[in-house]
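In: I need the structure of the sequence given here:
(one chain, ligands or ions: 1)
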Amino acid sequence: MISIIVAASDNNVIGHLNKLPWYLPSDLKRFSKLTTGHTALMGRKTFESIVARLGHPLPNRKNVVITRDKGYKAEGAVVVMSWDEATKATAGEEVFVSGGADIYAMALPYADKLYLTRVHFQSDGDVFLPKIDMSEWKEVSKESHPKDEKNQYDSTFYIYERKK
Ligand SMILES: NC(=O)c1ccc[n+]([C@@H]2O[C@H](COP(=O)([O-])OP(=O)(O)OC[C@H]3O[C@@H](n4cnc5c(N)ncnc54)[C@H](OP(=O)(O)O)[C@@H]3O)[C@@H](O)[C@H]2O)c1
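Out: Model (predicted):
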């Protein structure tokens, strides 16, 4: 099973200066709850951004990193060099595709489920969510999360499944 998991602002920004452009612990918790015990597949820049934030790869999950750099070493992660290699390295697993932009675009045709957090503001950014044809997806869940003392912006957690 392949799922996409992403948070995007209302103007489709997903990243800025190799970081998330917001601080939303509620969404980080959602990410952790959904992906723990499974596999997180990500591009090399996202992996490095996570290691810069946490000091280590995502704990209690298989971290799979895609790079074109043959010599790339990632302590605590499986390194692959293509989508084909990624699918072989994760066969039979529940895979959460965790960004960034090109990895989402690459995975979209194969994904069955889409976990989208909409962060309700117009963000500055340098990385954008690739275009998703929403006519191919049906909304199965929607939860509103108003901003509070910990979470900087209003957000909505959506789950979509691919239409059969
Ligand atoms: N909002 C969210 O949910 C979310 C989620 C994830 C990331 N982000 C943000 O997005 C930004 C990072 O994303 P990004 O799009 O810039 O980078 P990225 O997708 O994380 O990493 C890009 C790198 O992945 C490798 N790669 C890409 N396509 C490949 C392919 N077809 N085959 C082999 N390797 C491939 C290349 O690594 P090499 O250069 O090593 O060859 C490429 O430079 C950060 O700001 C991060 O915080 C946001």
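In: Please work out which residues outside the helix or strand residue 139 falls within touch it.
Out: Following DSSP states H and E, one finds residue 139 within strand 137-145. Residues from elsewhere that reach strand 137-145 (CB atoms under 8 Å, 6 or more residues apart in numbering): 26, 114, 151, 154-163. (Each C-beta comes from the backbone N, C-alpha and C, glycine too.)
In: Show me what counts as buried in that strand.
Out: 137, 145 (16 or more other CB atoms under 10 Å).
In: repeat for stretch 20-29
Out: Quick answer for stretch 20-29 (16+ other CB under 10 Å): 20, 21, 22, 24, 26, 27.
In: from the contacts of strand 137-145, which would you call buried?
Out: 26, 114, 151, 154, 155, 157, 158, 159, 160.
In: The helix or strand containing the last one and the ligand, any residue contact?
Out: The secondary structure element spanning residue 160 is strand 155-162 (assigned by DSSP H and E). No: using CB under 6 Å from any ligand atom, we find that strand 155-162 stays clear of the ligand, coming within 11.4 Å at best.
In: before we move on, back to that, for the strand holding residue 139, the averaged confidence score.
Out: For strand 137-145, mean pLDDT is 98.
In: Give me the phi and psi for the residue nearest the centre of the chain.
Out: When CA atoms, centre = their mean is applied to the chain, the residue found nearest the centroid is residue 98 (2.5 Å). Main-chain dihedrals, residue 98, degrees, to the nearest 10: phi -120, psi 20.
In: what's near enough to touch it?
Out: 5, 6, 31, 35, 40, 41, 42, 46.
In: For the last one, which phi and psi angles does the backbone take?
Out: Looking back up the chat, that one is residue 46. Torsion angles, degrees, to the nearest 10, at residue 46: phi -60, psi -40.
In: My read is that it contacts residue 99, right?
Out: Yes: between residue 46 and residue 99 a contact is recorded at 4.7 Å, counting by CB atoms under 8 Å.
In: picking up where we left off before, among the contacts of strand 137-145, which pair sits farthest apart?
Out: Greatest spacing in those, by CB to CB: 151 and 163 (31.4 Å).
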